[in-house]
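Trainee: how would this look folded up:
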Amino acid sequence: MHVVTALIVLTVGSLVQRGDTARWQREAQRATIIRDDWGIAHVYGKTDADAVFGMEYAQAEDDFNRIETNYLNALGRLAEAEGPSAIYTDLRMRLFIDPDSLRAQYRRSPLWLKRLMDAFAGGLNFYLYKHPEVKPRVIRQFEPWMALAFTEGSIGGDIERVSVADLAAFYGGVPAGAVPAGGDGSFVEPGGSNGIAIAPKLTRDHHALLWINPHTSFYFRSELQMASDEGLDAYGAVTWGQFFVYQGFNPSCGWMHTSSGVDNIDEFLEAVRQRGGRYYYRRGQRELPVVARTITVAYRTDSGAARRRFTAYYTRHGPVVRKIGARWVSVSLMQSPVRALIQSYARTKAKDYAAFRKIMESHTNSSNNTIFADAAGNIAYLHSNYIPRRDTAFDWTKPVDGSDPATDYRGVLSIDETPNVVNPGVGWVYNSNNWPWSAAGPDSPRRSAYPRYVEIGTEETPRGQHALRLLPPAATWTMDSLMAAGFDSYLPAFERMVPRLVAAYDRLPAADSLRTRLADQVAELRVWDVRWGTSSVATSLAVFWGTDVVGRVADEARRAGLSGVSYAAERASDAELLASFAVASDRLTADFGTWRTAWGAINRFERLDDAVAPHFDDAQPSTAVPFTASVWGSLAAFAARPYPGTRKWYGTAGNSFVAVVEFGDSVRARAVTAGGESGEPRSPHFADEVDRYVTGRLRDVYFYRPQLVGHTEREYHPGE
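Mentor: Below you'll find the model as predicted:
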């Protein structure tokens with residue numbers, strides 16, 4: 001089933017080719033970088049390619065390590081830096097990413113796109129040339145085709161849905177459980193984001209408003225502007241190393257991506273047999289040969305570099321990734337790197353909804369939904385626009401029979417066949433990683449009108465409940481009121497859960513020891529307004545209790561098809577609820593000396609250095625954060641937990657780049673980035689946005705070049 005060899009090899013650094021430096025110098029002179037007083041780069045070029053060259057250089061100045069790490073992961077080369085522990089993570093990427101194929105696709109790409117990819121590589125290579133003190137871990141020279149390995153921008157892309165542990169068992173003969181699936185057993189915060197668009201008829205100044213609030217791991221994207229004389233002028237969040245604004249706006253429209261339960265990745269059970277030294281799989285009455293491909297994964301060892309070779313297998317559905325019983329399992333997911341890169345870049349230059357929709361006809365925005373607004377007053381919720389058309393007789397949430405021709409895809413759903421909402425009468429749209437069936441209140445799509453696989457969510461989420469409470473009134477919205485909504489402190493999960501806990505306590509027999517032991521704690525929750533705050537003791541009790549009880553009932557909830565929150569609020573026993581509350585109270589007392597500990601003393605923002613895997617220290621300065629994890633329904637999200645050696649909880653994900661945008665005759669925006677723009681601890685912009693981040697006081701964005709007057713720290717060409 002697998003072929004493995006180990007070879008010791010030497011690492012040879014790439015050399016700068018003759019003429020490269022002269023070309024880079026010319027390109028650098030055509031790009032101008034202006035750093036504003038928050039350290040944010042505003043990059044201007046004569047052409048789009050000039051702007052790409054400059055923005056990649058600027059990103060490298062801010063955090064080259066994160067750029068390289070993203071490409072090590074995207075290219076399946078992480079083990080070259082991190083050693084054998086990353087071999088199967090790399091193999092997973094390499095099942096889908098073939099450098100030779102990407103080189104060929106680069107050569108066939110449209111000329112304008114090739115120029116952008118050339119500029120991407122040139123900007124990064126020029127940075128390394130001008131900064132010999134920066135020592136890449138692996139990639140000493142970037143090549144243009146590498147941009148095709150990382151085209152969409154979302155965190156945790158489609159490929160990462162494939163289990164590394166299952167892959168290791170199939171291709172490496174590794175026993176089940178020998179390769180960790182990731183994480184340390186701690187409570188996992190749901191990922192995702194919030195997006196809201198408000199139509200002009202509901203705003204004070206009759207301009208469309210857009211709320212941009214991605215929830216990612218901190219520092220996953222930089223904030224910058226890129227503009228050219230060819231019509232490019234986009235501002236927002238840019239995933240490190242990519243050359244397009246992933247979530248942001250231009251002078252006339254804006255876009256915010258969220259994730260939800262679209263089912264567009266499928267597994268197929270393959271009936272495989274060996275004959276004449278080859279593998280074959282069945283499709284209908286025919287047998288087709290399994291395609292075999294050798295994949296070589298390089299990895300670092302203490303004695304030098306080594307390689308491991310695998311024979312990977314493919315059916316017409318895609319690569320084989322695991323086994324179920326005797327049957328192999330192949331996986332199908334979107335793989336169109338050129339079209340995906342074109343869509344990701346082209347939408348940054350869209351002028352209005354019609355242009356944005358036209359770009360969506362590429363059907364390569366697979367893992368994301370979009371909240372959209374433009375200066376003409378259009379607003380929209382646009383569902384994932386890569387959804388294979390499938391036979392609804394099958395349950396596509398489980399592996400289907402790949403030998404049955406009825407499981408073949410029949411193209412993709414058109415834009416009109418997906419549950420979108422455009423200019424609803426209610427005047428608003430939103431998404432918070434919940435289903436689309438509430439995206440516009442009464443004007444939302446009806447679930448019965450669509451195949452089950454377009455959205456597999458089973459219930460409204462707490463954040464969805466929160467948004468639905470905030471949005472319906474026909475208020476006179478402004479940028480300020482939308483910011484306030486984005487940081488509203490209501491926690492709807494606990495509005496459902498706490499009454500069950502209090503009722504369980506009230507049912508305790510008079511002689512039960514818990515009546516005395518938990519009396520004061522329950523009294524604290526009885527009068528709580530279910531809102532977070534740094535001085536709130538009830539928030540501390542609720543979060544510690546909620547974290548324990550959701551983990552306690554997780555298996556039961558899964559069997560019931562409910563979220564942990566819903567199960568705790570509806571079906572958990574009195575004993576489960578009270579046992580978790582006792583554990584929470586005891587843990588607060590053990591860790592902080594008393595259960596009467598304010599939330600802000602526990603929930604902290606700390607940035608000690610720019611390591612991709614962060615560490616924390618209770619003895620070092622940190623800042624109180626009032627908002628909670630999004631699982632409790634907080635729209636402003638801060639996913640925190642204790643770490644080895646700490647008692648305080650430190651956040652590593654949640655609100656990252658946050659912006660509010662108003663589209664009038666000119667665009668206005670305010671924004672904040674987690675921590676600060678720079679990855680250099682000695683920079684004044686390493687942590688200069690922390691106070692604004694934790695309080696939701698977004699700063700003005702200098703979108704137009706005249707606005708930078710008086711707010712410019714430095715103006716220069718790359719390399720100066």
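
Trainee: Am I right that residue 279 is in contact with residue 271?
Mentor: No: counting by CB atoms under 8 Å, residue 279 stays clear of residue 271, with 11.0 Å between them. Every C-beta, even on glycine, is put in place using the N, C-alpha and C of the backbone.

Trainee: which one of these two has more residues nearby?
Mentor: Higher neighbour count among residue 279 and residue 271: residue 279, with 19 against 16, using other CB atoms under 10 Å.

Trainee: average pLDDT for stretch 68-87?
Mentor: What stretch 68-87 shows for mean pLDDT is 96.

Trainee: distance between the ends of that stretch?
Mentor: 17 Å (CA to CA, to the nearest Å).

Trainee: Figure out how far that stretch is from the centre of its chain.
Mentor: How far stretch 68-87 lies from its chain's middle: 19 Å, per CA atoms, centre = their mean, to the nearest Å.

Trainee: got it, and stretch 39-46?
Mentor: With CA atoms, centre = their mean, you get 25 Å for stretch 39-46.

Trainee: what's around residue 264, how many residues?
Mentor: Neighbours of residue 264 under the rule other CB under 10 Å: 21.

Trainee: what helices or strands is the longest helix along the chain leaning on?
Mentor: Taking DSSP state H as the criterion, the chain has its longest helix at helix 48-74. If you count contacts as 3 or more CB pairs under 8 Å, 6 or more residues apart in numbering; DSSP states H and E, helix 48-74 packs onto helix 20-29, strand 31-36, strand 41-45, helix 79-82, helix 87-94, helix 111-130, strand 221-228, strand 233-239.

Trainee: So which of these is nearest residue 340?
Mentor: helix 111-130 (11.4 Å; CB to CB).

Trainee: And whatever helix or strand comes next after that closest one, what does it pack against?
Mentor: Once the chain leaves helix 111-130, the next helix or strand it forms, by DSSP states H and E, is helix 164-172. Under the contact criterion of 3+ CB pairs under 8 Å, 6+ apart, helix 164-172 touches helix 87-94, strand 304-315, strand 318-324.

Trainee: Neighbouring strands of the longest one in the sheet, and parallel or not?
Mentor: On the basis of DSSP bridges, the sheet neighbours of strand 304-315 come out as strand 6-9 (antiparallel), strand 291-301 (antiparallel), strand 318-324 (antiparallel).

Trainee: So which bits of the longest one are buried?
Mentor: Right, the one you point to is strand 291-301. Under the neighbour-count criterion of 16 or more other CB atoms under 10 Å, strand 291-301 has 295, 297, 298, 299, 300 buried.

Trainee: now do stretch 338-353
Mentor: Result for stretch 338-353 [16+ other CB under 10 Å]: buried residues 338, 340-350, 353.

Trainee: Name the residues that touch that stretch?
Mentor: 105, 108-110, 113, 116, 147-148, 151-153, 231-232, 234, 242-246, 248, 250, 252-253, 255, 334, 356, 359-360, 362-366, 372, 374-376, 378, 380, 422 (CB atoms under 8 Å, 6 or more residues apart in numbering).

Trainee: same deal with stretch 689-708?
Mentor: Outside stretch 689-708, the residues within contact range by CB under 8 Å, 6+ apart are 34, 36, 38, 42, 44, 225, 235, 251, 483-484, 486-487, 605, 607, 623-626, 636, 655, 658-660, 666-677, 711.

Trainee: are any of these buried, and which?
Mentor: Among the contacts of stretch 689-708, those classed as buried by neighbour count (16+ other CB under 10 Å) are 34, 36, 38, 42, 44, 225, 235, 251, 483, 486-487, 605, 607, 623-626, 636, 655, 658-660, 667-677.

Trainee: In strands only, show me these.
Mentor: Judged by DSSP state E, the buried ones among the contacts of stretch 689-708 include 34, 36, 42, 44, 225, 235, 605, 623-624, 655, 658-660, 667-673 as members of strands.

Trainee: Tell me which residues touch residue 318, please.
Mentor: By CB under 8 Å, 6+ apart, the neighbours of residue 318 are 268, 330, 331, 332, 333, 335.

Trainee: Next, give me the two most distant ones among these.
Mentor: 268 and 335 (15.2 Å).

Trainee: all strands of the stretch 401-550 of the chain, in order?
Mentor: For the stretch 401-550 of the chain, the strands defined by DSSP state E, counting those that start in this stretch occupy 421-422, 428-431.

Trainee: The shortest one: partners in the sheet, and parallel or antiparallel?
Mentor: Pointing back at strand 421-422 there. If you go by DSSP bridges, strand 421-422 pairs up with strand 379-382 (antiparallel).

Trainee: Run through the protein and note the low-pLDDT ranges.
Mentor: Of all residues in the chain, those with pLDDT under 70 make up the ranges 1-18, 153, 155-156, 176-192.

Trainee: Most distant residue from the centre of it?
Mentor: Distance from the centre of the chain peaks at residue 511, with 50.3 Å (CA atoms, centre = their mean).

Trainee: Could I get the contacting residues of that one?
Mentor: By CB under 8 Å, 6+ apart, the contact set of residue 511 is empty.

Trainee: close enough to count as contact, residue 90 and residue 81?
Mentor: No: counting by CB under 8 Å, residue 90 sits too far from residue 81 to count as a contact (10.4 Å).

Trainee: So which of those two has more stuff around it?
Mentor: More crowded of residue 90 and residue 81, by other CB under 10 Å: residue 90, with 25 against 17.

Trainee: Find the nearest non-adjacent residue to that one, please.
Mentor: What sits nearest to residue 90 in space, not counting adjacent residues and going by CB to CB, 6 or more residues apart in numbering, is residue 76, at 4.1 Å.

Trainee: Against residue 122, how distant is residue 20?
Mentor: 8 Å (CB to CB, to the nearest Å).

Trainee: these two touch, right, residue 615 and residue 646?
Mentor: No: using CB under 8 Å, residue 615 is not in contact with residue 646; the gap is 9.1 Å.

Trainee: From residue 328, how far out is residue 76?
Mentor: For residue 76 relative to residue 328 (CB to CB), the value is 21 Å.

Trainee: In terms of neighbours, single out the busier of these two.
Mentor: A direct count of neighbours by other CB under 10 Å for residue 76 and residue 328 places residue 76 higher, at 26 against 23.

Trainee: ok now do that one, which residues does it touch?
Mentor: 89, 90, 91, 92, 93, 94, 97, 297.

Trainee: got those as JSON lines, with distance to residue 314 columns?
Mentor: Conversion of the contacts of residue 76 to JSON lines gives the following (distance: CB to CB, whole Å):
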{"residue": "89", "distance to residue 314": "19"}
{"residue": "90", "distance to residue 314": "18"}
{"residue": "91", "distance to residue 314": "14"}
{"residue": "92", "distance to residue 314": "14"}
{"residue": "93", "distance to residue 314": "15"}
{"residue": "94", "distance to residue 314": "12"}
{"residue": "97", "distance to residue 314": "14"}
{"residue": "297", "distance to residue 314": "17"}
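
Trainee: Pick out whichever of these sits closest to residue 600.
Mentor: Closest to residue 600, out of all of the contacts of residue 76 and judged by CB to CB, is residue 89, at 37.0 Å.

Trainee: For residue 95, see how far away the closest one is.
Mentor: For residue 89 relative to residue 95 (CB to CB), the value is 11 Å.

Trainee: out of those two, which sits in the more crowded spot?
Mentor: In terms of neighbours (other CB under 10 Å), residue 95 is the more surrounded of residue 89 and residue 95; the figures are 24 against 21.

Trainee: Excluding covalently adjacent residues, which one is nearest to the more buried one?
Mentor: Nearest one to residue 95, counting by CB to CB, 6+ apart, is residue 319 at 4.1 Å.

Trainee: quick one: the longest helix of the chain to chain centroid distance?
Mentor: Distance, centroid of helix 48-74 to centroid of chain: 18 Å (CA atoms, centre = their mean).
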